[in-house]
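Participant: Return a 3D structure for these sequence lines:
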Amino acid sequence: MKKTVLYTTAYLLIALGACNSGSEEHAAATEENRAVQSEDLHDKHTNVADLSREEHIKLVKAEPVQTFNNVNEIAKTNLGTLTDQYLQLKEALVASSAQQASNAASAMLNSLKAWDGNNLESDQKDFYQQRSSSMRDELQPMVGENDLVKLRDHFARLSKPMTELVSAFGTGQGSLYYQYCPMAFDNKGGYWLSSTKEIRNPFYPEEMLTCGRVERTL
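Facilitator: Numbering: from 1, shown residues only. Okay, the predicted model is just below:
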């Protein structure tokens, strides 16, 4: 028993050190990300364990996108609602509540179904519909799901198109912080949006709640 405790403690200390050091890992990750091919993966819902780090990062890391001007108020209101619901989903995962996460995913999915980008200019609408389609793909299996591992997997993939929407259209509610944990998903990395700079890790809340860093402010 004592040996088990010692091994567990040692692992967590090593993991926390990796989270806080970050600089060499970040440089390596940047180079790896640049090498990822632009083609979509054949199966978006392949288990994380079956993906290489490059394939995983392709599914979870937001791409640079254009910024739209003259976004109408109806669109801003709907995007603000999606942002609020996304943040509720993130906090549910921080709390490790599968029920709350599933409920938040259901609310977000209903919002996407209720508004398909009408009132947007054509280029904005195309952009929105592409991302909203990807978001629906991740939210649908989260509804009614009680497995936190699966919920967190879908949340990581959901965060990519959600971040791209916010980057393109704005948050409608002040700054958001794009955050990153290098330890998530067996050291393959995970990203999410937060309304505060404080790190509250939705992937490892019990073991490493403060593991991560702010990548950029939106």
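
Participant: Now the residue nearest to the spatial centre of the chain: which helix or strand?
Facilitator: With distances taken as C-alpha atoms, centre = their mean, the residue of the chain nearest its centroid is S159 (2.7 Å). Secondary-structure element containing S159, defined by DSSP states H and E: helix 148-169.

Participant: Show me which positions of that helix end up buried.
Facilitator: Residues of helix 148-169 classed as buried: 148, 151-169 (neighbour count, 16 or more other C-beta atoms under 10 Å). For the C-beta atoms, the positions are set from N, CA and C on the backbone; glycine is no exception.

Participant: Likewise for stretch 108-128?
Facilitator: Buried, per 16+ other C-beta under 10 Å, within stretch 108-128: 108-109, 111-112, 115, 117, 120, 124, 127-128.

Participant: end-to-end on it?
Facilitator: 15 Å (C-alpha to C-alpha, to the nearest Å).

Participant: Figure out how far that stretch is from the centre of its chain.
Facilitator: 20 Å (C-alpha atoms, centre = their mean, to the nearest Å).

Participant: Touching that stretch from outside, list them.
Facilitator: 65-66, 68, 70-72, 74-75, 78, 81-82, 85-86, 89, 129, 132, 135-136, 139-140, 143, 165, 168-169 (C-beta atoms under 8 Å, 6 or more residues apart in numbering).

Participant: what do you get for stretch 162-176?
Facilitator: Contacts of stretch 162-176 (C-beta under 8 Å, 6+ apart): 62-68, 71, 75-77, 79-80, 82-84, 86, 124, 127-128, 131-132, 135, 178, 191, 193-195, 217-218.

Participant: hmm, back to that, dump the helix holding S159 to PDB, restricted to CA.
Facilitator: Coordinates of each C-alpha in helix 148-169 appear next as PDB, following Å, rounded to 0.1, in the frame of the first residue of the first chain:
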ATOM      1  CA  LEU A 148     -16.900  11.200 -18.300                       C
ATOM      2  CA  VAL A 149     -14.100   9.800 -20.400                       C
ATOM      3  CA  LYS A 150     -16.300   9.900 -23.500                       C
ATOM      4  CA  LEU A 151     -17.800  13.300 -22.600                       C
ATOM      5  CA  ARG A 152     -14.300  14.800 -22.200                       C
ATOM      6  CA  ASP A 153     -13.200  13.300 -25.500                       C
ATOM      7  CA  HIS A 154     -16.100  14.900 -27.400                       C
ATOM      8  CA  PHE A 155     -15.700  18.200 -25.500                       C
ATOM      9  CA  ALA A 156     -12.100  18.400 -26.600                       C
ATOM     10  CA  ARG A 157     -13.200  18.000 -30.300                       C
ATOM     11  CA  LEU A 158     -16.100  20.400 -29.800                       C
ATOM     12  CA  SER A 159     -13.700  23.100 -28.500                       C
ATOM     13  CA  LYS A 160     -12.000  23.400 -31.900                       C
ATOM     14  CA  PRO A 161     -15.000  24.600 -34.000                       C
ATOM     15  CA  MET A 162     -16.300  26.600 -31.000                       C
ATOM     16  CA  THR A 163     -13.000  28.400 -30.700                       C
ATOM     17  CA  GLU A 164     -13.000  29.100 -34.400                       C
ATOM     18  CA  LEU A 165     -16.500  30.600 -34.200                       C
ATOM     19  CA  VAL A 166     -15.600  32.900 -31.400                       C
ATOM     20  CA  SER A 167     -12.400  33.900 -33.200                       C
ATOM     21  CA  ALA A 168     -14.300  34.800 -36.300                       C
ATOM     22  CA  PHE A 169     -17.400  36.400 -34.800                       C
END
